[in-house]
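>>> Have a look; sequence and predicted model below, questions after that.
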Amino acid sequence: NKKMDRPIKEGFLIKRGGVVQNWKRRFFVLDSNKLSYFRAQTDREPVGVIELKNIQIAVTQKVGKRFCFELACPERKYYLCSESLDDLNDWIDKISGVASRRQSVAQFSSSSSSSSSSPPGSAGSPKSLEQPRKNPSYFVSGMCCSRCASRVKGFVLKQPGVEDATTDIEDEILVLKGFFDEASVLEGLQTYGYVAFP
């Protein structure tokens with residue numbers, strides 16, 4: 001629910017679709033962890049959520065529109081356009097602030113846990129903390145409503161090794177985190193009636 005957290009910034013941006021690359025006006029809400037977007041300002045359920053971890057953000061002219069920025073996440077790139085230069089700069093400033101706070105918290109917690117939790121002489125333990133996490137995204141055909149997204153998310157979160165899942169019903173995108181058997185997850189989704197493509 002977007003009302004629970006007091007937003008750092010909210011307002012309309014034009015967003016380019018991930019699969020069908022058309023432009024749509026969406027209402028965005030930035031809080032201390034993520035950037036959520038809604039079809040309308042009055043909607044309670046977001047159509048997509050962008051986790052602001054390990055991101056890069058920059059003004060772009062690649063898309064041929066004014067006041068645009070590119071938000072590059074591990075799973076995909078988002079192209080967002082603002083209504084003015086001031087608003088564009090404010091979005092970039094606020095999103096960068098959230099991302100850098102999250103980064104410093106993540107660096108602090110991983111450095112403190114690796115030094116305290118691994119006993120001396122256990123050479124294997126710190127290495128496993130530094131392994132890159134799998135973060136694949138999939139186009140899930142037919143996952144276009146919040147009920148479908150809940151079914152898909154409910155299923156994948158029960159699979160061994162899947163730690164987290166985010167869905168974007170507007171673009172029918174599923175992003176998974178963790179170490180898991182991709183083939184069995186995709187086959188399982190097919191039994192639910194959803195065909196997923198990497």
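Nice, I can see it.
>>> show me the contacts for Ser146.
45, 169 (C-beta atoms under 8 Å, 6 or more residues apart in numbering). Placement of C-beta: from N, CA and C, glycine included.
>>> got the phi/psi numbers for it?
phi -70, psi -30 (degrees, to the nearest 10).
>>> Next: Val140.
According to degrees, to the nearest 10, Val140 has phi -110, psi 100.
>>> what sits up against stretch 14-25?
Contacts of stretch 14-25 (C-beta under 8 Å, 6+ apart): 12-13, 26, 37, 63, 65, 76, 78-82, 139, 168, 170-173.
>>> Where does Leu80 sit: helix, strand or coil?
What DSSP: H, G, I helix; E, B strand; the rest coil gives for Leu80 is strand.
>>> Isn't it up against Phe12?
No. Under the criterion of C-beta atoms under 8 Å, Leu80 is not in contact with Phe12, lying 10.3 Å apart.
>>> Those two: which is more packed in?
Leu80 (27 against 16; other C-beta atoms under 10 Å).
>>> For that one, which residues are in contact?
13-16, 28, 68-69, 71, 91.
>>> list residues touching both of Leu80 and Phe12?
Phe28.
>>> circling back: sitting in strands, which of the contacts of stretch 14-25 do you find?
Using DSSP state E, the members of the contacts of stretch 14-25 that fall in strands are 12-13, 26, 37, 78-81, 139, 168, 173.
>>> As JSON lines, the residues you listed with distance to Thr191 and pLDDT would be great.
Formatted as JSON lines, the ones in strands among the contacts of stretch 14-25 follow (distance: C-beta to C-beta, whole Å; pLDDT from 0 to 100):
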{"residue": "Phe12", "distance to Thr191": "39", "pLDDT": "96"}
{"residue": "Leu13", "distance to Thr191": "37", "pLDDT": "96"}
{"residue": "Arg26", "distance to Thr191": "33", "pLDDT": "95"}
{"residue": "Tyr37", "distance to Thr191": "31", "pLDDT": "95"}
{"residue": "Tyr78", "distance to Thr191": "31", "pLDDT": "92"}
{"residue": "Tyr79", "distance to Thr191": "35", "pLDDT": "94"}
{"residue": "Leu80", "distance to Thr191": "36", "pLDDT": "95"}
{"residue": "Cys81", "distance to Thr191": "40", "pLDDT": "95"}
{"residue": "Phe139", "distance to Thr191": "18", "pLDDT": "84"}
{"residue": "Asp168", "distance to Thr191": "22", "pLDDT": "85"}
{"residue": "Ile173", "distance to Thr191": "20", "pLDDT": "86"}
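>>> can you list those in a markdown table and add distance to Gly193?
Formatted as a markdown table, those follow (distance: C-beta to C-beta, whole Å):
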| residue | distance to Gly193 |
| --- | --- |
| Phe12 | 34 |
| Leu13 | 33 |
| Arg26 | 28 |
| Tyr37 | 26 |
| Tyr78 | 28 |
| Tyr79 | 31 |
| Leu80 | 32 |
| Cys81 | 35 |
| Phe139 | 15 |
| Asp168 | 19 |
| Ile173 | 18 |
